[in-house]
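Student: After the sequence you'll find the predicted model.
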Amino acid sequence: MDPNSFGSLTYLVLLGGALIASYVFHNRQNMGQMLRNMIQWALIFVGVIAAVGLWQDIRGDILPQQSVFAEAGRIEVPQARDGHYYLTARVNGQQVLFVVDTGATDIVMSRQDAERVGIDPDGLVYSGRAGTANGIVGTAQTTVGELSVGGITDRNITVWVNEGEMNTSLLGMAYLRRFERIEIADNMLVLER
């Protein structure tokens, strides 16, 4: 412990001791109630310390996050509570949330996501057809300049814009085939180049 940290710790201990002594002095007639209050505050303090210490584990369970190891060409995507794997990518510099869909042939973007990344959905020709859970929908082929996940970047990527309603864009096999290895184990999707 360096001298500055020791000095700060000494100051905090003295300040805490002075506050406790003051509290005891002012409540000396009601010692039972004071003791209950002190125990409650001590338990609250211990609970806060435990929550701070366990926050990384708690956050990993409540809000799992994808990890990108760009040097190794590795992406780890945790399984969401609904059983799907959601991957956040930057498309033309804009953040887009994709659901990883091995049943989708291509990268399919919703109209909203396409517009956000600089594609004019109304200017596209929806000449393609795709069978979805909601029936047959029109699709339009276009290209995005860049799709990146962390430091893993692909350029001039073909995407399809869905004419129908979609909650989330789909990251299909056209993207997944760019990886040498795809593995699902222990509620984690691992993509490696």
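Tutor: Cool, the structure landed.
Student: Enumerate every residue touching the residue most central in space within the chain.
Tutor: Taking CA atoms, centre = their mean, the centroid of the chain lies closest to Q65, which sits 3.7 Å from it. Residues near Q65 by CB atoms under 8 Å, 6 or more residues apart in numbering: P78. C-beta here means a position set from N, CA and C on the backbone, and glycine is covered the same way.
Student: ok, 10 Å please
Tutor: For Q65, the contact set (CB atoms under 10 Å, 6 or more residues apart in numbering) comprises R59, E76, V77, P78, T88.
Student: what's across from the fourth one in the sheet?
Tutor: Spelled out, that is P78. Residues in a beta bridge with P78, per DSSP bridges, are M188.
Student: again, but for the last one
Tutor: The partner list for T88 in beta bridges (DSSP bridges) reads L97.
Student: hang on, P121 packs against V161?
Tutor: Yes: using CB atoms under 10 Å, P121 is in contact with V161, at 5.6 Å.
Student: More neighbours: those two, which one.
Tutor: V161 (24 against 18; other CB atoms under 10 Å).
Student: what's in contact with the strand or helix carrying N4?
Tutor: N4 belongs to helix 3-26 when elements are defined using DSSP states H and E. For helix 3-26, contacts defined as CB under 10 Å, 6+ apart pick out M1, D2, M31, M34, L35, N37, M38, W41.
Student: out of these, what pair is the most spread apart?
Tutor: D2 and M31 (40.0 Å; CB to CB).
Student: who's more crowded, these two?
Tutor: The residue with more neighbours, out of D2 and M31, is M31; 10 against 7, by other CB under 10 Å.
Student: Report pLDDT for the more buried one.
Tutor: On pLDDT, M31 comes in at 78.
Student: element containing it?
Tutor: Per DSSP H and E: helix 31-62 holds M31.
Student: May I have stretch 91-106 exported as CSV, CA atoms only?
Tutor: What follows is stretch 91-106 as a C-alpha-only set of coordinates in CSV (Å, rounded to 0.1, in the frame of the first residue of the first chain):
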residue,chain,number,x,y,z
VAL,A,91,-22.9,-1.8,-41.3
ASN,A,92,-21.6,1.3,-43.1
GLY,A,93,-20.6,2.7,-39.7
GLN,A,94,-24.1,2.2,-38.1
GLN,A,95,-24.7,-0.3,-35.4
VAL,A,96,-27.2,-3.1,-36.4
LEU,A,97,-28.5,-5.9,-34.3
PHE,A,98,-28.7,-9.2,-36.3
VAL,A,99,-30.2,-12.5,-35.2
VAL,A,100,-27.8,-15.3,-36.4
ASP,A,101,-30.0,-17.5,-38.6
THR,A,102,-28.5,-20.7,-40.1
GLY,A,103,-31.8,-21.3,-41.8
ALA,A,104,-31.4,-18.0,-43.8
THR,A,105,-29.4,-18.2,-47.0
ASP,A,106,-28.4,-14.6,-47.1
